[in-house]
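Asker: test case, fold it:
(one chain, ligands or ions: 2)
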Amino acid sequence: MNNFLDISTTSKEHLRSIIDQAQAMKTARNGRPKGTPDDDMPLDGRMVALIFEKPSTRTRVSFDVGVRQMGGQTMVLSGSEMQLGHGETIADTARVLSRYVDLIMIRTFEEATLLEMAEYATVPVINGLTNRTHPCQIMADVMTFEEHRGPITGRKVVWSGDGNNVFASFAHAAGQFGFDLTFTGPPPLDPERDALEFAASKGHPVTIERDPMRAVEGADLVVTDTWVSMHDPQSAKERRHNQLRGYQVNAALMAHAKPDALFMHCLPAHRDDEATSEVMDGPHSVIFDEAENRLHAQKAIMRYCLGL
Ligand code: CP
Ligand code: NVA
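Answerer: Numbers count the residues shown, from 1 in each chain. Ligands and ions are numbered 1, 2, ... in the order given. Modelled structure (predicted):
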C-alpha cells in the first residue's frame, strides 16, 4: 500500500512508472465508447471515498469516472456535510473510513489535514489538492507534455503568475523529472521556500526572473494558473490583479517562447485575466488534453496506491 501525498515524497522511479502506465491505459482506451469499463478491472469490488472540502469539477469527475472505468465504486463526500466539519478529529475520521473503504482521496485546505489523514488511515490516501500542493494535476501535466513533445527531462518550463500550490508541485516535478523551471511573478507572490529548496536539492534550482518576456525566452512550455486560489481571501482580488496584470499570458508573451512552445493551465481559468482566450484557444494550448489526462494519470496513481 502506498500513499500519493506529493511528487516530492514519491520516488522518481514510481513517478515514471505511473506516467508510463497512465499513457498505456489511455492508449488502450482509445476508440472505446465513453463510459464503458476497461478490459482490465483492477478495482472490482473496491470502494473509494472522495472527500471535498473545496469545490471541484475536474478532480471530482475524473476520479469518479476513473474508479468506475476500473470496476470500482465511489462515495463522494463533502467535508461540510461530514462530522469532520463539526468537530470530529481527522484521525478518528481516518480510522473509521478505513473500516469501510479501500482508498481515500481528499481535497482540503491545510496540508496538516492531509498528513493526519494519511497517518491514521490504514488504507492509501491521495492528495487531491491542498493550499500547498496539487500533485495529481502536475502528473497529468507531465504526461501531457510528453505526449506532445517527448521526454520532459532537460526541457524549459516557465511559470508566469502567482507562486501558488500548483507551482509548488511543478517545482517538485522539476526536481524529480529533471527539467529547468523558471518562475516569473512579483516578489510578494513568490513561491514557498520549501518547494524551491526541494528542486534545488535535486540539482534543478528554480530560476527567478522578474521580467516575463525574458523569462519565457527558449521556453518549451508556458504555464499559468488563477490569480486568486480557493484558499486566498476574496478581498485579495483587486490587489492581486494589480500585482499580476503584467504577467498575463497573451500572444505577445507566447511570441517570446519557442515557436512550438506549449501552453498549459490546470483550469478553472478566469479568461482574459491570467491568460487571454486567444492563447487558451490558440495553437500552443493543450489545456483540454491536460484536463483529460487527469483521468488517465489518476487511474495509474490509484493502481500504484493499491499495488494493482
Ligand atoms: N484543475 C483542477 O483541479 O480542477 P478542479 O478544481 O475543477 O478539480
Ligand atoms: N491554485 C488553484 C488551483 C485550482 C485547481 C486553487 O488552489 O484554487
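
Asker: quickly note the distance from Thr10 to Ala251.
Answerer: 37 Å (CB to CB, to the nearest Å). Bear in mind the C-beta positions are built from the backbone N, C-alpha and C, glycine included.

Asker: same thing with Gln73?
Answerer: 46 Å.

Asker: those two: which has the busier surroundings?
Answerer: Gln73 (15 against 11; other CB atoms under 10 Å).

Asker: got the contact list for stretch 93-100?
Answerer: With CB atoms under 8 Å, 6 or more residues apart in numbering as the test, stretch 93-100 has contacts from 47, 49, 82-84, 104, 116-123, 125.

Asker: repeat that for stretch 203-220.
Answerer: With CB under 8 Å, 6+ apart, stretch 203-220 has contacts from 145, 149, 155-158, 160, 171, 174-175, 178-187, 190-191, 195-196, 199-200, 222, 246-247, 253-254, 256-258, 260-262.

Asker: mind doing that once more with 6 Å?
Answerer: Stretch 203-220 is contacted by residues 155-156, 158, 160, 171, 174-175, 181-184, 196, 199, 222, 247, 253, 256-258, 261 when judged by CB atoms under 6 Å, 6 or more residues apart in numbering.

Asker: of those, which are in range of ligand 1?
Answerer: With the criterion set as CB under 6 Å from any ligand atom, no member of the contacts of stretch 203-220 is near ligand 1.

Asker: among these, which ones are in helices?
Answerer: Taking DSSP state H, the ones among the contacts of stretch 203-220 that sit in helices are 171, 196, 199, 253.

Asker: let's verify Lys54: helix, strand, or coil?
Answerer: Classification of Lys54 using DSSP: H, G, I helix; E, B strand; the rest coil returns coil.

Asker: OK, contacts around it?
Answerer: Contacts for Lys54 were tallied using CB under 6 Å, 6+ apart; they are 107, 230.

Asker: report pLDDT for it.
Answerer: Lys54 is assigned 96 on the pLDDT scale.

Asker: so how far is ligand 1 from it?
Answerer: As judged by CB to the nearest ligand atom, to the nearest Å, Lys54 and ligand 1 stand 7 Å apart.

Asker: equivalent analysis for Cys305, please.
Answerer: Cys305 sits 18 Å away from ligand 1, going by CB to the nearest ligand atom.

Asker: where's Ser17, which helix or strand?
Answerer: helix 12-29 (DSSP states H and E).

Asker: just checking, what packs against that helix?
Answerer: Helices and strands touching helix 12-29, by 3 or more CB pairs under 6 Å, 6 or more residues apart in numbering; DSSP states H and E, are helix 135-149, helix 287-306.

Asker: could you pull out the buried residues of the longest one?
Answerer: Same thing as helix 287-306. 287, 289-306 (16 or more other CB atoms under 10 Å).

Asker: report all helices and strands that it contacts.
Answerer: Against helix 287-306 (3+ CB pairs under 6 Å, 6+ apart) you get helix 12-29, helix 58-69, helix 135-149.

Asker: do the same with the first one
Answerer: Based on contacts counted as 3+ CB pairs under 6 Å, 6+ apart, the elements that helix 135-149 packs against are helix 12-29, helix 165-173, helix 287-306.

Asker: quick one: mean pLDDT for the longest one?
Answerer: Which is helix 287-306. 98.

Asker: could we number from 9 for the rest of this?
Answerer: Noted, 9 is the first residue going forward, which turns the last one into helix 295-314.

Asker: run through who's touching it.
Answerer: The contact list for helix 295-314, computed with CB under 6 Å, 6+ apart, reads 10, 12, 26, 29-30, 33-34, 50, 66, 70-71, 74, 132, 144, 147-149, 151-152, 272-273, 275.

Asker: pull out the buried members of these.
Answerer: 12, 26, 29-30, 33-34, 66, 70-71, 74, 132, 144, 147-149, 151-152, 272-273, 275.

Asker: near ligand 1, which of the residues you listed show up?
Answerer: 66, 275.

Asker: now stretch 256-264: how far from the chain's centre is it?
Answerer: 23 Å (CA atoms, centre = their mean, to the nearest Å).
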